[in-house]
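Participant: just the structure for this:
(2 chains)
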Number of protein chains: 2
Amino acid sequence: MTESPAGTASVPGPVAGSARWPEQLPVAFSDPVYSAAVVDLLAAIAYGEMSAFERLSEDVKMAPGLADKAALARMATIEFGHFEALRSRLEELGAEPFEAMAPFVTAFESFHARTAPADWFEGLVKAYVGDGLAADFYREVATFLDSDTRAIIIESLSDAGQSAFVVDRVRAAIAAEPRLGGRLALWGRRLMGEALSQAQRVAAERDALSALLAGGVDRPALDLAAIGRLFTRLTENHSERMKALGLSA
Amino acid sequence: MTESPAGTASVPGPVAGSARWPEQLPVAFSDPVYSAAVVDLLAAIAYGEMSAFERLSEDVKMAPGLADKAALARMATIEFGHFEALRSRLEELGAEPFEAMAPFVTAFESFHARTAPADWFEGLVKAYVGDGLAADFYREVATFLDSDTRAIIIESLSDAGQSAFVVDRVRAAIAAEPRLGGRLALWGRRLMGEALSQAQRVAAERDALSALLAGGVDRPALDLAAIGRLFTRLTENHSERMKALGLSA
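Facilitator: The predicted structure follows:
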């Protein structure tokens, strides 16, 4: 990617900022705008993981059998493990984790309220497509960050086992009942639309996050062309995932 | 306790049983009645843990704030970890875990349906009182088993952090609104009654489990006096827990 890394290379920020910059952190954190953006980003991902835990454990009720129940519960607990890691990191950065997460509650709750799965298969597709999209997006943003933060984000986005399990169950169900494919394809498009609209809302409301993407004297920016390429990649990956499920994007 | 252990001391069983007895297992498993009882017991505990996961993650929705949400979700994931350990052990014993759990689904679902918490505090009391009671009971039964099985059961019953958290929240809430104490005391009594009635039902339906408690030529029995003492201990511990919450039993 041409619009690549920085973060660790950023020069020390103003004195007001460095007063709150714990020495064990990368030098990038001496810039208070950068620090605020990282806290925002980690808090958003953390709340997303909590929200994924809640949604997956809610879907456990719809599982057609005990083995499926256990598979979904396992995914939920892995998401919660990611939440715990992000929460610890927020504390290391001197943030109060739950205060930091509060601004993102509405966006995630709106997303989930607008995309409540009607059955077991819609729940599976949502777990796969929704988490995949979020992971792609955070991974892109992570390339603009210091290497410590990047590593924590990448780790928190590791596949909670949903891919193989979901692909297997959804493909088998469509093979048994082809009409299901049409409904789930529409569902996948709706998930993509709702996710993008909530992401835009969050970006518009959080100045520090926007500033991060807009770059700075010491950090490369995501210019309009780069943002265009990012969305192309997100859309392409989404289509790949739909295809893996046997659905048209 | 006078009505204490055995299991590892049991003599090899009939040939029909020893044919299915993997050599790495304690000699007690050469008795097919013993094997069946242990599979039943581990499966019952495992489904109870899964059920606890579902119930706790359901209650996450009622949490008054993000920190409480995270605390309850953490308990749920710990219960699921216990489920995974018990499931592995069932596989080691040559059982199909989900088939083994199936006979216990109704009892746990009935218990939870009849004790659905009306609010956050009823949920907390249920987590504390219900898990405590189940843990006491399984721990008593475990004293009749081989040491491997006993260790796995004791491990799966370790406090998922609920005690300190629940006691703290419930006591604070009662201090703020004393009338809550009356309602929660009634709730605690109802939980105890429902749990005992489901436990009796399971014991009556599962011959192998009953045989275990009734003892055998090579195993000490729980005679009527011992069963009486067991119930006294369960009731006393329940009263202690209610007292810890600031509730009359």
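
Participant: mind checking how far the helix or strand hosting residue A:138 is from the chain centre?
Facilitator: According to DSSP states H and E, residue A:138 maps onto helix A:120-142. Centre-to-centre, helix A:120-142 and its host chain are 7 Å apart (CA atoms, centre = their mean, to the nearest Å).

Participant: got the buried residues for that helix?
Facilitator: Within helix A:120-142, the residues that qualify as buried by neighbour count (16 or more other CB atoms under 10 Å in any protein chain shown) are A:120-138, A:140-142. (C-beta placed from N, C-alpha, C; glycine too.)

Participant: same deal with stretch A:181-192?
Facilitator: Using 16+ other CB under 10 Å as the test for burial, stretch A:181-192 gives A:181, A:183-185, A:187-189, A:191-192.

Participant: equivalent analysis for stretch A:38-55, please.
Facilitator: So for stretch A:38-55, counting by 16+ other CB under 10 Å, buried means A:38-55.

Participant: any low-confidence regions in chain A?
Facilitator: Residue ranges of chain A with pLDDT under 70: A:1-23, A:160-161, A:213, A:215-222.

Participant: run through the residues of chain A sitting next to chain B.
Facilitator: A:50, A:53-54, A:57-58, A:60-61, A:65-67, A:69-70, A:73-74, A:76-77, A:80-81, A:83-84, A:87, A:98, A:101-102, A:105 (CB under 8 Å from any CB of the partner chain).

Participant: what about stretch A:185-194, distance to the chain center?
Facilitator: 16 Å.

Participant: let me redo that: stretch A:35-55
Facilitator: 8 Å.

Participant: now the residue in chain A that chain B sits nearest to, nearest residue through space, not along the chain?
Facilitator: Chain B sits closest to residue A:57 of chain A, with a gap of 3.5 Å, by CB to the nearest CB. By the measure of CB to CB, 6 or more residues apart in numbering or on different chains, the closest residue to residue A:57 outside its immediate chain neighbours is residue B:57, 3.5 Å from it.

Participant: quick check, that neighbour in contact with residue B:73.
Facilitator: Yes: at 6.6 Å, residue B:57 counts as touching residue B:73 under the criterion of CB atoms under 8 Å.

Participant: spell out which residues are contacts of both of the two.
Facilitator: Taking CB atoms under 8 Å, 6 or more residues apart in numbering or on different chains as the contact rule, residue B:57 and residue B:73 both touch A:53-54.

Participant: helices or strands up against the helix or strand encompassing residue A:83?
Facilitator: Taking DSSP H and E as the definition, residue A:83 sits inside helix A:66-92. The contact analysis (3 or more CB pairs under 8 Å, 6 or more residues apart in numbering or on different chains; DSSP states H and E) places helix A:66-92 against helix A:32-59, helix A:97-101, helix A:120-142, helix A:147-156, helix A:162-176, helix B:32-59, helix B:66-92, helix B:97-114.

Participant: angle of the helix holding residue A:138 against helix A:66-92?
Facilitator: Interaxial angle of helix A:120-142 relative to helix A:66-92 (axes from the mean of the first three to the mean of the last three CA atoms, to 10 degrees): 30 degrees.

Participant: can you spell out which helices and strands pack onto helix A:120-142?
Facilitator: Contact here means 3+ CB pairs under 8 Å, 6+ apart; on that basis helix A:120-142 packs against helix A:32-59, helix A:66-92, helix A:147-156, helix A:162-176, helix A:179-205, helix A:224-244.

Participant: hmm, try it at 7 Å
Facilitator: helix A:32-59, helix A:147-156, helix A:162-176, helix A:179-205, helix A:224-244 (3 or more CB pairs under 7 Å, 6 or more residues apart in numbering or on different chains; DSSP states H and E).

Participant: what angle sits between the first one and helix B:66-92?
Facilitator: Taking the same axes, to 10 degrees, one finds that helix A:32-59 is oriented at 50 degrees with respect to helix B:66-92.

Participant: tell me, how many residues neighbour residue A:26?
Facilitator: 18 (other CB atoms under 10 Å in any protein chain shown).

Participant: check the gap between residue A:33 and residue A:40 for me.
Facilitator: Distance, residue A:33 to residue A:40, using CB to CB, to the nearest Å: 11 Å.

Participant: between these two, what contacts are shared?
Facilitator: residue A:208 (CB atoms under 7 Å, 6 or more residues apart in numbering or on different chains).

Participant: quick check on residue A:246: phi, psi?
Facilitator: Torsion angles at residue A:246 (phi, psi; degrees, to the nearest 10) stand at phi 80, psi 20.

Participant: surely it and residue A:180 touch.
Facilitator: No: if you go by CB atoms under 7 Å, residue A:246 and residue A:180 don't touch, sitting 9.9 Å apart.

Participant: and for the two, which residues touch both?
Facilitator: Common neighbours of residue A:246 and residue A:180 (CB under 7 Å, 6+ apart) are residue A:174.

Participant: you'd agree residue A:117 is in a strand?
Facilitator: No: under DSSP: H, G, I helix; E, B strand; the rest coil, residue A:117 falls outside any strand and is assigned coil.

Participant: not counting its neighbours along the chain, what's nearest it?
Facilitator: Nearest non-adjacent residue to residue A:117 (CB to CB, 6+ apart): residue A:123, at 3.9 Å.

Participant: for residue B:209, see how far away the one you found is.
Facilitator: 35 Å.

Participant: same question, residue A:175
Facilitator: For residue A:175, the distance to residue B:209 - CB to CB - is 41 Å.

Participant: just residue A:242 next, same as before
Facilitator: 48 Å.

Participant: same list, the helices and strands packed on helix A:66-92, but as a markdown table with distance to residue B:228 please.
Facilitator: Below are the helices and strands packed on helix A:66-92 laid out as a markdown table (distance: least, CB to CB, whole Å):
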| stretch | distance to residue B:228 |
| --- | --- |
| helix A:32-59 | 40 |
| helix A:97-101 | 49 |
| helix A:120-142 | 47 |
| helix A:147-156 | 53 |
| helix A:162-176 | 48 |
| helix B:32-59 | 21 |
| helix B:66-92 | 29 |
| helix B:97-114 | 23 |
